[in-house]
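In: what's the 3D shape of this:
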Amino acid sequence: MAISKIIIVGAGLSGLLLALLLARAGVAVELLEMTHELETNPRASHYTSDSCVIFDRAGILEQVRTEGFSPNGVSWRNKLDADKTRLVALSNPDPAPGEENDPPFRHRMVCLPLHWLGKILETAVLAQPTASIRYDYKVMELGQDDDRAWVGVEAPNGITETREAAYVVGYDGANSTVRRRLFGDWVFPGFTWDRQIVATNMYYDFSPYSYDNSQFFVHPKHWHMVAKIQTDGLHRVTYGEVVGLTLDELRARQLAKFQAVLPGNPTPEQYRLINFSPYKVHQQCVGKMRVGRFLLAADAAHLSWCGQSGGAQCLTGGIADVGSLYEAFVGRVGDDKLIADILNQ
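Out: Modelled structure (predicted):
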C-alpha cells in the first residue's frame, strides 16, 4: 500500500527541500511551521557539491546558481602575520565554456544566503499540487498507532486541530517540539562547546586587501571568518567572542570587534551592518532518529560544530538527511511496508 501523506514539522531549508522532493514525486505533503514567515537571521550560505546534487534533483539548482554564485575557493590565513599569510587554500575553479554541466562543475559549491534559498524553496513547494505549507501552526502533542501518526496543533485561530499522516518528520530545529515530545524536554545527548560565536552580514569594501571569496583567520583571540555571500558585495563576518556575555554586551562590543578583525580597522561609517546574531556551538545527537512513525532530522536530531574549521556541517548534515529520507520514502515506489524496512536500517 502506498503512503497516503507525510507531515513535515518545520519550514527551514531542510524541511522545505524534503517537501519539494516528495511533492515532485507525487507524495502528498503537509508542512507545519510555528512562525508566520521564513527565518531571516544570518545562517549558512555555502552549499557543498553533495548538497547541489540534491538541489539538482529538486529542480532548483539552476535558479540557485542564477541568484547566487560559485565562490573561487576558500583559504585559511594566519592573522598574526602582517601579510595575513595563506596557510592553505582550496580552489573552486570556473568551468571552461561548454563545460558548465560536466562533472564536477555542474555540482560545484554555490553560495546564496539561506533566506534567499528559503524563498526559492517556498515558491517551488507552493507550486506543487500535492503540497501545502501551514504557517502559525504550533505542534503541541504527538500520537501514533500501527497505521498512522498524528500531531495535535494550535492553529492560527487558537483552535486545537489534529493533523494525521503515514509519517511525521521533525525538521523543527535545535529546540524541536517533536524531539521533546518523543524523548523529554532535557534529553539531547552531547555537550555545548565553551565558545561563543557572532554571525553578521555586512557591506565593506574588501577590494584593496586581496581577500579571497572565503577565508578563515587563525588567531588566539580574534579568530574569525570573512566570506562574500552575495554578488552585490554582502559579506558574512563571523567572529569568536568572550563566553558568558549578554546579548546587549555582545552588541556593545561589535564596533571594537570589527575594528580589530577587519582589514583597515574601519570605523562604523565605513561599513554597513545588516544583521547581528550570536550563536552557541553545540555537539549533540539523539540516540535514535526514528520512533515508530515519527522521524527526526537535521538540527532536531543532531547539532554539530559549524564554525572556524568545519564549514557548514549542520546544514550539510541536514541536507544529507533530506536525501536519505527522500530515498526511503520513494525509492520503493512508496510501499509502506518496504519504507518501514528501509527506515529500520
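In: CA atoms for contacts and neighbours, from now on please.
Out: OK.
In: Compute the distance between residue 116 and residue 68, please.
Out: 9 Å (C-alpha to C-alpha, to the nearest Å).
In: Quick check on the two: which one has the bigger neighbour count.
Out: Taking neighbours as other C-alpha atoms under 10 Å, residue 116 and residue 68 compare with residue 68 leading, 20 against 17.
In: And for that one, nearest residue in space, chain neighbours not counted?
Out: residue 112 (4.7 Å; C-alpha to C-alpha, 6 or more residues apart in numbering).
In: Show the contacting residues for the one you found.
Out: 45-46, 64, 67-69, 229-230 (C-alpha atoms under 8 Å, 6 or more residues apart in numbering).
In: If we only consider the residues you listed, which is nearest to residue 4?
Out: residue 64 (30.8 Å; C-alpha to C-alpha).
In: Is it correct that the closest one falls within a helix?
Out: Yes - looking at residue 64 with DSSP: H, G, I helix; E, B strand; the rest coil, it is inside a helix.
In: how many other residues sit next to it?
Out: Around residue 64 there are 20 residues (other C-alpha under 10 Å).
In: what's the distance between it and residue 114?
Out: 11 Å.
In: before we move on, what about residue 176?
Out: 20 Å.
In: For the two, work out which one has more neighbours and name it.
Out: residue 114 (23 against 20).
In: How much space separates that one from residue 5?
Out: Residue 114 is 27 Å from residue 5, by C-alpha to C-alpha.
In: what do you get for residue 62?
Out: 29 Å.
In: Those two: which has the busier surroundings?
Out: residue 5 (19 against 13).
In: so that one makes contact with residue 26?
Out: No - using C-alpha atoms under 8 Å, residue 5 makes no contact with residue 26, being 10.1 Å away.
In: Common neighbours of those two, please.
Out: Contacts common to residue 5 and residue 26, judged by C-alpha under 8 Å, 6+ apart, are absent.
In: In three-state terms, how would residue 274 be classified?
Out: strand.
In: contacting residues around it?
Out: Taking C-alpha under 8 Å, 6+ apart, we find residue 274 in contact with 200-203.
In: give me the beta-bridge partners of the closest residue to residue 144 other than its chain neighbours?
Out: Using C-alpha to C-alpha, 6+ apart and skipping residues adjacent in sequence, the residue nearest residue 144 is residue 150, 6.0 Å away. With DSSP bridges as the criterion, residue 150 is bridged to residue 143, residue 164.
In: What is the burial count for residue 150?
Out: If we define neighbours as other C-alpha under 10 Å, then residue 150 has 20 of them.
In: And for residue 48?
Out: Here the count is done by other C-alpha under 10 Å, and residue 48 has 18 residues near it.
In: Contact partners for it?
Out: 108-110, 316.
In: what's the lowest-pLDDT member of those residues?
Out: Lowest pLDDT among those: residue 316, with 80.
In: got the CA coordinates for the helix or strand harbouring it in PDB?
Out: Per DSSP states H and E: residue 316 is located in helix 313-330. C-alpha atoms of helix 313-330 as PDB (Å, rounded to 0.1, in the frame of the first residue of the first chain):
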ATOM      1  CA  GLN A 313      28.400  20.900   8.800                       C
ATOM      2  CA  CYS A 314      25.000  21.500  10.400                       C
ATOM      3  CA  LEU A 315      23.300  22.500   7.200                       C
ATOM      4  CA  THR A 316      25.200  19.900   5.100                       C
ATOM      5  CA  GLY A 317      24.200  17.200   7.500                       C
ATOM      6  CA  GLY A 318      20.500  18.300   7.400                       C
ATOM      7  CA  ILE A 319      20.500  18.200   3.600                       C
ATOM      8  CA  ALA A 320      22.100  14.800   3.700                       C
ATOM      9  CA  ASP A 321      19.100  13.700   5.900                       C
ATOM     10  CA  VAL A 322      16.800  15.100   3.200                       C
ATOM     11  CA  GLY A 323      18.400  12.900   0.500                       C
ATOM     12  CA  SER A 324      18.300   9.800   2.800                       C
ATOM     13  CA  LEU A 325      14.600  10.300   3.800                       C
ATOM     14  CA  TYR A 326      13.600  11.000   0.200                       C
ATOM     15  CA  GLU A 327      15.200   7.800  -1.000                       C
ATOM     16  CA  ALA A 328      13.500   5.900   1.800                       C
ATOM     17  CA  PHE A 329      10.000   7.300   1.100                       C
ATOM     18  CA  VAL A 330      10.000   7.000  -2.700                       C
END
